[in-house]
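Q: sequence and predicted structure below; questions after.
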Amino acid sequence: MFIVEGEKAVSELLLHENWKIHHIYALEDWLNENQVPGNVPSEKVSVKELKRISSLTTPNNVLAIVKIPEWKISEINSAGDLTLMLDNIQDPGNLGTIIRTADWFGIENIICSESTAEVFNPKVIQASMGSFMRVKVVYTSLKTYLESLSEQIPVMGAVLHGKNIYTTEIPDKGILITGNESQGISNDLENMITHKISIPLFHKKEKNQLPESLNAAIATGIIISHLRKNYS
């Protein structure tokens, strides 16, 4: 089970038949204004009670306990479109933001290393702003998965010595790897990248005044936006 909080997210969950809601806890006003199906158990709670069970500093009006879906790596076809691959992303906020960004750009699948943050962590769910319902996130050994792929599937990855994404021709379909926030893409995966790319630095100040790096979620969004420029 995992927790979903907030009026918008819970209301959207009620519209998705493939998500099994185990229980809803809500303030009386929310229950009066929203129709909960008869097969979904719901319970009225006070503000004080909701605050005790909420993971938020300022609780919302409703909280749902939801069954974790059983997503399988075999259900993902990396040849059809753009698939994200996350290598040891540690920050739940980054993972949630990447899921939200993937949803915006029509990316349906994300493959995570086994050491990446848990997708059903409450902070990830909050940061995804409901996009976790539309983007399938699975965990596996990334190296093993890449070794199992056809050689025709492009594997892109952002590395410091990669080619400028704005001046080099890169495929708009395949796998895009995003590395760890501080260490980047691991060496064993970098060796499997077929298209090494980078986001150019436009900063013109002295070397000791340059920004350290881009946030992992922001960098992913920039690259996806560029790859999607000819998407139809």
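A: Here it is on my side, so go on.
Q: in the chain, which residue is closest to the centre?
A: I99 (2.3 Å; Cα atoms, centre = their mean).
Q: any idea how far T57 is from it?
A: 22 Å (Cβ to Cβ, to the nearest Å). All C-beta atoms are positioned from the backbone trio N, CA, C, and that covers glycine.
Q: where does this protein dip in pLDDT?
A: 203-212, 231-232 (pLDDT under 70).
Q: domain boundaries for this protein, per the record?
A: 2-66, 74-230 (automatic domain parsing).
Q: before we move on, the earlier item: so which elements touch the host helix or strand of the residue nearest to the centre of the chain?
A: Using DSSP states H and E, I99 maps to helix 92-104. With contacts defined as 3 or more Cβ pairs under 8 Å, 6 or more residues apart in numbering; DSSP states H and E, the secondary structure elements packing on helix 92-104 are strand 82-86, strand 109-112, helix 122-128, helix 216-227.
Q: so which of those is the most packed in?
A: For those, the largest average neighbour count (mean count of other Cβ atoms under 10 Å) is found in strand 82-86, namely a mean of 24.
Q: against which helices or strands is that one packed?
A: Taking 3+ Cβ pairs under 8 Å, 6+ apart as the contact cut, strand 82-86 packs with helix 92-104, strand 109-112, strand 174-178, helix 216-227.
Q: contact partners of that strand?
A: Here strand 82-86 makes contact (Cβ atoms under 8 Å, 6 or more residues apart in numbering) with 76, 95, 98, 102, 105, 107, 109-113, 116, 142, 172-178, 220, 224, 227-228.
Q: direction included, what does it pair up with?
A: Sheet pairing of strand 82-86 (DSSP bridges) gives strand 109-112 (parallel), strand 174-178 (parallel).
Q: in a markdown table: the ones you listed, plus distance to I21.
A: What follows is the strands paired with strand 82-86, written out as a markdown table (distance: least, Cβ to Cβ, whole Å):
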| stretch | distance to I21 |
| --- | --- |
| strand 109-112 | 23 |
| strand 174-178 | 31 |
